[in-house]
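Peer 1: I'd like to go over a predicted model; first the sequence, then the structure.
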Amino acid sequence: MLGVFSVSLGVLLAFALAVLVIYLYLKDITQKKHAILRNYPLIGHLRYFFEQLGEYFRQYFFLGDRDERPFNRSTRAWVYRMAKNEGGVLGFGSTYNLHEAGALLFVNAPFATLESEHQPTPPLIIGEGSCAKPFTARSQVNISGMSFGAISKPAVQALSHGAAKAGCWLDTGEGGLSPFHLEGGCDIILQIGTAKYGVRDEHGQLSDAKLREMAAHETVRAFEIKLSQGAKPGKGGVLPGGKVTPEIARIRGIPEGMDSLSPNRHPEIGNIDQLLDMICHVREVTGKPVGIKTAIGGWQFMNLLTDAVARRGIADAPDFIAVDGGEGGSGAAPQALADHMALSIDEALPRVVDALIEAGLKERVKVIAAGQLVTSARAAWALSCGADFVNTARGFMFALGCIQALRCHTNTCPTGITTHNARLHRGLVVEEKFERVANYCLNMNHEIDMIAHSCGLHHAREFRREHVRIVQADGRSIALNMLYPYPLQRVPA
């Protein structure tokens, strides 16, 4: 009896399979959207299947350790080792191509700094003399803006606790201040995006009452007015409705389940004077340092900014400028903007620093650099260019366990970092990951100092452009201070 039942079940399954195949065949040859399926029914599906899996096969099986983008396997592995406190030591030589155009070479001193001569890299004060509560920043490397919404609750919690342990700051991103940012007790820079999430009134306008409420938190050390970000200058932030949970909606002050679309710029900031007016207003209301975050497209912005400060007075200058290179991008962005808009940090950073030097503002306005600066060498390059601090988002995402699945915008992140799926959050254990966040930050700072000592410096604040050489297209290197000579400060009229 059992055998007869098994045969009947087998026949039934075979019949169902045959019906399914015939259905798909007829559907493929009659549809008009896909030429491959119309000409090659059934087997044409394999093309789309392998196309979808292609990026993952290339990532793990076919691309070399230095080939992948946006971050190659070698770089990711280095960050993982830093985060796990396993050290950055390798054997049998580097696979870094010293002859490739753009390669970084540091100028080693004939007599390196002895360990007994090492000095701790001093902290810098942001907003000294310009506000009631200036901010003493202790770490050279800090966490760039990633909003609660773009990343998950456990990711924010791990970053908050890790930043507190490492002594670095955590930028909230444009999604507002959540309880999870405050949970670890770390220093916080609260970003004011174009939609004013977290500091807006019921009409979506900037609210002084909300600003005071946010500034009342002792760990909120500064405010950052976001003009643009490297991945998508001229395009506002996008958070799909599927990621706008009741909690996120409450924090941002928007409807639950609806797409969160930020304006492509601040409506009330249409020129440099209006920007400086906003900076002065937020600083007066909060009593804390206020800076800006922006991508750079050329000389015009910095020239207009420094000229306006010269005309209005140094008190109206921003306390810091966070320069985001065009290669930035921890969130979703249109490919046309991500690929082609704004200068790379390699070119943008020296331009910003030079403009501040010429105007005599370099000591007053601190410079923060961001744009794929996830390794100690790239961070040391930025400090050599004239940056005071380095921000990274994706470096800390790797420390949290990111595998570069390229699914940040789909709410299906397999590591639980950029999804609000509670099942996937299980993989991100805060008690484990916050230690990796701290390790990555501390080891980055340690290796930056190590490079400085090899250059004969006492600490990383002594880096200058002559300590770096950049390999050119012909395979020969040139000193960074020859590519970007230090400008002379303009004599006031």
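Peer 2: Great, that's in hand. Residues are numbered from 1 along each chain as shown.
Peer 1: Thr418: neighbour count?
Peer 2: Look at Thr418: counted by other CB atoms under 10 Å, it has 28 neighbours. Glycine gets a C-beta too; all of them are placed from N, C-alpha and C.
Peer 1: per-residue confidence at it?
Peer 2: As predicted, Thr418 sits at a pLDDT of 89.
Peer 1: phi, psi of the residue nearest to it when sequence neighbours are not counted?
Peer 2: Spatial nearest neighbour of Thr418, chain neighbours left out: Cys408 (4.3 Å); criterion: CB to CB, 6 or more residues apart in numbering. The phi/psi pair for Cys408 (degrees, to the nearest 10) reads phi -60, psi -30.
Peer 1: now do Ala393
Peer 2: phi -100, psi -50.
Peer 1: Also Ile151?
Peer 2: According to degrees, to the nearest 10, Ile151 has phi -120, psi 160.
Peer 1: Now the longest helix seen in the chain: average pLDDT?
Peer 2: Looking across the chain with DSSP state H, the single longest helix is helix 2-30. For helix 2-30, the mean pLDDT works out to 79.
Peer 1: Then stretch 114-127?
Peer 2: 94.
Peer 1: contacting residues around it?
Peer 2: Contact partners of stretch 114-127, identified using CB atoms under 8 Å, 6 or more residues apart in numbering, comprise 133-138, 140, 221-222, 283, 288-291, 319-320, 366, 388-389, 445, 448-449, 452-453, 458-461.
Peer 1: please redo it, this time with the cut-off set to 7 Å
Peer 2: With CB atoms under 7 Å, 6 or more residues apart in numbering as the test, stretch 114-127 has contacts from 134-138, 140, 222, 288-289, 319-320, 366, 388, 449, 453, 458-461.
Peer 1: Flag every buried residue along it.
Peer 2: Residues of stretch 114-127 classed as buried by neighbour count (16 or more other CB atoms under 10 Å): 121, 124, 126-127.
Peer 1: end-to-end on stretch 378-394?
Peer 2: Taking CA to CA, to the nearest Å, stretch 378-394 runs 14 Å from one end to the other.
Peer 1: tally of neighbours for the residue nearest to Thr418?
Peer 2: The number of residues near Cys408, taken as other CB under 10 Å, comes to 22.
Peer 1: Against Gly145, how distant is it?
Peer 2: 14 Å (CB to CB, to the nearest Å).
Peer 1: As a check, name the ranges of all helices in the stretch 151-300 of the chain.
Peer 2: 153-166, 179-182, 208-215, 246-252, 272-286, 300-312 (DSSP state H, counting those that start in this stretch).
Peer 1: tell me the domain boundaries of this protein?
Peer 2: According to automatic domain parsing, the chain comprises the domains 2-62, 117-483.
Peer 1: what's near enough to touch Arg283?
Peer 2: Arg283 touches 130-131, 290, counting by CB under 7 Å, 6+ apart.
Peer 1: From Ala370, how far out is it?
Peer 2: Distance of Arg283 to Ala370, given as CB to CB: 22 Å.
Peer 1: repeat for Thr113
Peer 2: Counting by CB to CB, the gap from Thr113 to Ala370 is 28 Å.
Peer 1: Pick out whichever of those two has more residues nearby.
Peer 2: Ala370 (30 against 19).
Peer 1: Relative to Ala158, how far out is the residue lying closest to the more buried one once chain neighbours are set aside?
Peer 2: Of all residues not flanking Ala370 in the chain, Asn391 sits nearest, at 4.0 Å (CB to CB, 6+ apart). Separation of Asn391 from Ala158 (CB to CB) stands at 18 Å.
Peer 1: more neighbours, the two?
Peer 2: Ala158 (31 against 28).
Peer 1: is it true that the more buried one touches Val430?
Peer 2: Yes: if you go by CB atoms under 7 Å, Ala158 and Val430 touch, sitting 4.8 Å apart.
Peer 1: Is Asn391 bridged to anything, and to what?
Peer 2: Asn142 (DSSP bridges).
Peer 1: Local confidence estimate at the residue nearest to Ala370?
Peer 2: pLDDT recorded at Asn391 is 97.
Peer 1: hang on, the earlier thing: narrow the contacts of stretch 114-127 to those that are buried.
Peer 2: 134-135, 137-138, 140, 222, 288-289, 319-320, 366, 388, 449, 453, 459-461.
Peer 1: quick one: which of the residues you listed sit in helices?
Peer 2: 449, 453.
Peer 1: Could you pull up the contacting residues of Gln140?
Peer 2: Contacts of Gln140 by CB under 7 Å, 6+ apart are 121, 379, 383, 389-390, 445, 448, 460.
Peer 1: again, only this time at 6 Å
Peer 2: Shown in contact with Gln140 (CB atoms under 6 Å, 6 or more residues apart in numbering): 445, 448, 460.
Peer 1: Likewise for Arg38?
Peer 2: With CB under 6 Å, 6+ apart, Arg38 has no contacts at all.
Peer 1: circling back to that earlier point, mean neighbour count, the helices of the stretch 151-300 of the chain: which tops it?
Peer 2: Ranked by mean neighbour count, the helices of the stretch 151-300 of the chain are led by helix 153-166 with a mean of 25 (mean count of other CB atoms under 10 Å).
Peer 1: on that earlier part again, tell me how far the residue nearest to Thr418 lies from Gly149.
Peer 2: 12 Å.
Peer 1: ditto for Ala355
Peer 2: Ala355 is 34 Å from Gly149, by CB to CB.
Peer 1: the more surrounded of the two?
Peer 2: Between Ala355 and Gly149, counted using other CB under 10 Å, the more crowded position is Gly149 (30 against 23).
Peer 1: Let me see the contact set for that one.
Peer 2: Listed by CB under 6 Å, 6+ apart, the contact partners of Gly149 are 175, 239, 243, 248.
Peer 1: Export those as JSON lines, with columns for distance to Gly88 and pLDDT.
Peer 2: Converted to JSON lines, the contacts of Gly149 look like this (distance: CB to CB, whole Å; pLDDT from 0 to 100):
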{"residue": "Gly175", "distance to Gly88": "33", "pLDDT": "90"}
{"residue": "Leu239", "distance to Gly88": "35", "pLDDT": "74"}
{"residue": "Lys243", "distance to Gly88": "35", "pLDDT": "76"}
{"residue": "Ile248", "distance to Gly88": "37", "pLDDT": "86"}
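Peer 1: So which of those residues is surrounded by the most neighbours?
Peer 2: Gly175 (27 neighbours).
Peer 1: How many residues are close by the closest residue to that one other than its chain neighbours?
Peer 2: Computed as CB to CB, 6+ apart, the closest residue to Gly175 that is not its neighbour in sequence is Ser147, at 2.8 Å. For Ser147, the neighbour count with other CB under 10 Å is 27.
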